[in-house]
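one predicted model, sequence on top.
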Amino acid sequence: MTDPTASKRDDMRLLKPVVSTVLGWASLVAVVVLALFGLWGAPPDEVQSDAQRLMYIHVPAAWIAYLAFGVTALGSALWLWPRTRSSVWDRVAGASAEIGVIFTALTLILGSLWGRPVWGVWWAWDARLVTTAVLFFLYLGYLALRRIPTSPESRAKRCSIAALIAFVDVPIVHFSVNWWRTLHQQGTVFNEQLDAKIHGVMAFTLWFGVLAFTLLYVYLLDRRYRLLALDEDREDREVELAIAERVAAERPVGNVSSAPVGGSAQ
Amino acid sequence: MNLWREVKLVAGKDLRIEARSKVTLQQIVPFGMIVLLLFAFALDPDRGILRRVAPGLFWVTVLLAALLAVSRSFGIEADNGARDGLRLSGLDGPALFLGKAAALAIELLALEVVLTLVVVLVYGIHLNTWLPLTLATIAATIGVAATGTLYGVLAAGLRVRETLVPVLLLPVVAPVLLGATRAWEAAIDGIPSDAWPWVGLLGVFALLFTAIGMLAFGPLLEEA
């Protein structure tokens, strides 16, 4: 059974509006500062020259992708746990997965833009690349599942189980792909030493990028949460309205429900 | 009723339906054979190429056929209120899951035996080391059957079931494809020591998803 609609009104927001606004501006400023540091502040890399500057957004994007999927798993687990069951966690899981998929896509695109000048190829069958690609498709499927119209309760149950399955699968994918690549060929294109030690301004820029993207993540999470909550609220209102209209229009006529009987489909 | 009897009851039901309708035998097995034939058309029918990539083609074919088998396994529950029957049967979630997964695994194993014959005869490969090959195949099949049953019930009752299951299932079983293919390659090359780590991985995958399926099947069936 669904929750009483009255309780839905107090979980329409994740953060207070003023916190959200401040966070939005803070992440905008942080991203601009990151761009300045990434493009001009940090010196060009000795080996990779300017291509290396992509790392200042590639690495934070990858971090956000993992963070987002972690939050999705956590939200799903909290929804499944009877004591903490609340539509808040379902929306957090859904909103976080959306951001995670976007940032995984960004990680892959930025990585391949970087790979072209440095490795000479857009794509290499490196363990980390393959794992990230599988990760992208795992959660793309999860988002497809979320889009299917059912009751919020039913969707939350299916989606939280699907999210946990995906989360459990990630280490297995990572492990198997790692084995596969190391058993068969040593990294011919990918060289661990390429991203060796970094110092000073470069390290600062990278860490600042992680901070800026984390701020951006929290801001986006709050915005997507709000949109999901408003969307559900709108659906509820539309259903109520439709029922009211139907009742007003067809009061004297009894409602006949028809149960379709299908033959066996082979 | 103990778990084992319940599992046999559910698996027996599915296998009896298969014995009478012969959908796996007459539709899914021929589908797999055609796919293997099409692979030979697409690649140069030079036996060298086919022999090298045979394990990968075999397992991709099995996964594609498994999608149909999963669809069929939950298609039979969709009509005539069969799902309500399952819900009202008084059988527990774990028993229902194990029963349906076991029936699916048995059908897939039968399919794999036929497709193995095709691969051996038409692609011209030699299977040298039987033990790791057989164990890898069984573990991979249990893994696919468990995840397939899990996603089958997850998508049951949704109008987009047929298109949703592949997009959810295929990324999850990516490690199975990898593991089973490598194990087969090692077996064909006659290097069983290369196959054993993959057999272990496939075993872990099968156990893990069997456990998850036993936990999740009951709650998911309620929503279907």
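Noted; the coordinates are in hand.

hey, let's count contacts and neighbours off CA atoms from now on
Will do.

residue A:113 is in contact with residue A:123, isn't it?
No: taking contacts as C-alpha atoms under 8 Å, residue A:113 lies outside contact range of residue A:123: 9.2 Å.

chain center to the helix or strand bottoming out on mean pLDDT in chain A: distance?
Sorting the helices and strands of chain A by mean pLDDT, DSSP states H and E puts helix A:152-184 at the bottom, at a mean of 86. Relative to its chain's centre, helix A:152-184 lies at 14 Å (C-alpha atoms, centre = their mean, to the nearest Å).

what's the following helix or strand after it?
Going down the chain from helix A:152-184, the next helix or strand is helix A:200-249, by DSSP states H and E.

any idea of the angle that next one forms with helix A:152-184?
On the basis of axes from the mean of the first three to the mean of the last three C-alpha atoms, to 10 degrees, helix A:200-249 is oriented at 150 degrees to helix A:152-184.

tell me what helix A:200-249 is packed against?
Where contact means 3 or more C-alpha pairs under 8 Å, 6 or more residues apart in numbering or on different chains; DSSP states H and E, helix A:200-249 is packed against helix A:17-36, helix A:55-80, helix A:87-119.

quick one, which of these is nearest to residue B:135?
Residue B:135 sits nearest to helix A:55-80 of all the helices and strands packed on helix A:200-249, at 32.5 Å, using C-alpha to C-alpha.

for the closest one, the averaged confidence score.
Averaging pLDDT along helix A:55-80 gives 92.

quick check: residues of chain B near chain A?
Within reach of chain A by C-alpha under 8 Å from any C-alpha of the partner chain, chain B has these residues: B:23, B:75-76, B:79-80, B:154, B:158, B:164, B:167-168, B:171-172, B:174-175, B:178-179, B:182, B:201, B:205, B:212, B:216, B:220, B:223.

narrow these to those that are buried.
Neighbour-count burial (16 or more other C-alpha atoms under 10 Å in any protein chain shown) applied to these gives B:75-76, B:79, B:154, B:158, B:164, B:167-168, B:171-172, B:174-175, B:178-179, B:182, B:201, B:205, B:212, B:216, B:220, B:223.

from the residues you listed, which ones fall inside helices?
B:75-76, B:154, B:164, B:167-168, B:171-172, B:174-175, B:178-179, B:182, B:201, B:205, B:212, B:216, B:220, B:223 (DSSP state H).

name the nearest residue to residue A:26, sequence neighbours excluded.
residue A:215 (7.5 Å; C-alpha to C-alpha, 6 or more residues apart in numbering or on different chains).

in what helix or strand does the nearest residue to residue B:207 once chain neighbours are set aside lie?
Ranked by C-alpha to C-alpha, 6+ apart and with sequence neighbours excluded, the top spatial neighbour of residue B:207 is residue B:143, at 7.6 Å. Element membership for residue B:143 (DSSP H and E) is helix B:130-155.

that helix: which residues count as buried?
Neighbour count says helix B:130-155 has B:132-133, B:135-155 buried, by 16+ other C-alpha under 10 Å.

now swap in stretch A:223-236 and tell me
Neighbour-count burial for stretch A:223-236 flags A:223-229, A:232-233 (criterion: 16+ other C-alpha under 10 Å).

tell me which helix or strand of chain B sits lowest on mean pLDDT?
Per mean pLDDT, DSSP H and E, helix B:82-88 ranks last in chain B, at a mean of 84.

can I get that helix as PDB, trimmed to CA atoms?
Extracted C-alpha coordinates of helix B:82-88, given in PDB (Å, rounded to 0.1, in the frame of the first residue of the first chain):
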ATOM      1  CA  ALA B  82      -0.600 -17.800 -13.400                       C
ATOM      2  CA  ARG B  83       1.400 -15.200 -11.400                       C
ATOM      3  CA  ASP B  84      -1.500 -14.900  -8.900                       C
ATOM      4  CA  GLY B  85      -1.400 -18.700  -8.700                       C
ATOM      5  CA  LEU B  86       2.300 -18.600  -7.800                       C
ATOM      6  CA  ARG B  87       1.600 -15.900  -5.200                       C
ATOM      7  CA  LEU B  88      -1.300 -17.800  -3.700                       C
END
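
other residues contacting it?
Here helix B:82-88 makes contact (C-alpha atoms under 8 Å, 6 or more residues apart in numbering or on different chains) with B:76-77, B:221-222, B:224.

residues contacting the residue positioned nearest the centre of chain A?
The centroid of chain A falls nearest to residue A:100 when counting by C-alpha atoms, centre = their mean (2.1 Å). Neighbouring residues of residue A:100 by C-alpha under 8 Å, 6+ apart: A:64-69.

need phi/psi at residue A:15.
Reported as degrees, to the nearest 10, the phi and psi values for residue A:15 are phi -120, psi 160.
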